[in-house]
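Asks: need coordinates for the following:
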Amino acid sequence: MLLTFKQFLDNLEGLKSHWFSVTNEGIEITNEGVEVTDTIIRTLCYYNNALGVDNIRQKLFKESKNNFYICGLLDEVEILQYNSRFFDFGLLKMCSPILSDNEGLIQRYAKLRYRAYGKMPDMDFDVAKGRVSIWCNTVQFFMENNTEGIERNLNIIETKVLHKTDTKRVGFVDDYEFYKALYESNKPKMEEVLEKLVSPKIHKKRSDNEVIGQYFSFLATGYAKLAWRKGIEVEVNSPLVPKELLPILPNDNYDIPYDFLK
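Replies: Residues are numbered from 1 along each chain as shown. Predicted structure coming up:
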C-alpha cells in the first residue's frame, strides 16, 4: 500500500535524524558510519523538495518556493565543493531553482558545471560530445536566456543524440520537442508536450518518487515555468501542474535555515 504524504515525510524526518541533526550551532553527526558530505547535502535536498510539495498541497506557495530555493543552494554546494556529477542524471533537480523564482539563484545555477576529475572529463566536454549532461545543460541555457547556447545544444541533440536507443527508451524525445518549441515560441506545441508529460503512463515513468508523483510533476511544472519566464503563458490542464506556481512572483524574502548555506 502506498504511503500517505505525512507518513512519507515522517519517514524522511526519521532517516535524517538517524544520520544527523541540524541546529543553530551547526551539524551534529549522529551516525559516524556515513559519508558526511554527500549524505547531508542529498538528504536535506530530498527532504526540502518533499516539504515543497507538501506546502503546495496546502496552498502555501511562498513556503514551497523557499523550500525549492534551499534545494538550489544545496545543489550549488554539491557542485562547487564536492564536484557532483548530478547533471548527468538530475533533470528533475533543475526544476527546483526555476520554481523558486529567485533570480539570483537561477542565474548562478545556470552557470554551474562539474569539473574534470582524473580520467573523467568536465561537463562542457561531455555536452559537446552529446552525452547525457546535454539535457540539464540545455535547461541551464534557457534559464539564462542564452540563445547561442540553446541553438548549439539543439543542433548537437539533433545530430548526435536523437538516434540513440537510450534517448528514445527514457523518453527524452519529449524533452527535445519541448526545447525546440520553447526556442521557437511555439505555444501549442509546448502545451501538447506538457499534456503528454502529465499523462498517467509518461508521468509515472518520469517521476522519481511514487508518493510525490501522486500530487506533483516537477518536470512538467518546471518546463511550464521556463515558458512563463519567456513570457509565454502556457496552460496545463492537470492538478500535477499548479497554476499558482506559474507566474513569476519572487518572495520578498527567502529564509535559509542552515547556517552552512549562509
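Asks: from here on, contacts and neighbour counts on C-alpha atoms
Replies: Will do.
Asks: for the chain, what spans make up the helices?
Replies: Ranges of helices in the chain, per DSSP state H, are 5-19, 36-57, 61-80, 95-100, 103-110, 123-128, 133-143, 147-156, 165-170, 172-183, 187-197, 200-206, 210-213, 218-229.
Asks: okay, the angle between the fifth one and helix 61-80?
Replies: In other words, helix 103-110. Taking axes from the mean of the first three to the mean of the last three Cα atoms, to 10 degrees, one finds that helix 103-110 is oriented at 30 degrees with respect to helix 61-80.
Asks: and for helix 103-110, what's in contact with it?
Replies: With contact meaning Cα atoms under 8 Å, 6 or more residues apart in numbering, helix 103-110 is reached by Y69, G72, L73, E76, P97, I98, N137, Q140, F141, M143, E144.
Asks: how about the contacts made by the last one?
Replies: In this structure, E144 makes contact with I106, Q107, A110, judged by Cα under 8 Å, 6+ apart.
Asks: ok, the residues you listed vs A116, which is closest?
Replies: A110 (18.3 Å; Cα to Cα).
Asks: check what pLDDT that closest one gets.
Replies: For A110, the pLDDT comes out at 98.
Asks: isn't L219 right up against I98?
Replies: No. L219 lies out of contact with I98 (Cα atoms under 8 Å); the separation is 10.8 Å.
Asks: ok, now how distant is N66 from I256?
Replies: 8 Å (Cα to Cα, to the nearest Å).
Asks: those two: which is more packed in?
Replies: Remark: of N66 and I256, N66 carries more neighbours, 27 against 14, as counted by other Cα atoms under 10 Å.
Asks: and the more buried one, how far from G231?
Replies: For N66 relative to G231 (Cα to Cα), the value is 23 Å.
Asks: still on that earlier bit, and the helices of the chain, which one's lowest on average pLDDT?
Replies: Across the helices of the chain, helix 165-170 gives the lowest mean pLDDT, at a mean of 67.
Asks: emit the PyMOL select command for whichever of the contacts of E144 are buried.
Replies: Of the contacts of E144, the buried ones can be selected in PyMOL as follows, counting by 16 or more other Cα atoms under 10 Å:
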select buried, resi 106+107+110
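Asks: which of the contacts of E144 sits closest to L9?
Replies: I106 (26.7 Å).
Asks: redo the contacts of helix 103-110 as a markdown table? Include distance to P250.
Replies: What follows is the contacts of helix 103-110, written out as a markdown table (distance: Cα to Cα, whole Å):
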| residue | distance to P250 |
| --- | --- |
| Y69 | 11 |
| G72 | 15 |
| L73 | 16 |
| E76 | 19 |
| P97 | 12 |
| I98 | 11 |
| N137 | 24 |
| Q140 | 19 |
| F141 | 20 |
| M143 | 15 |
| E144 | 16 |
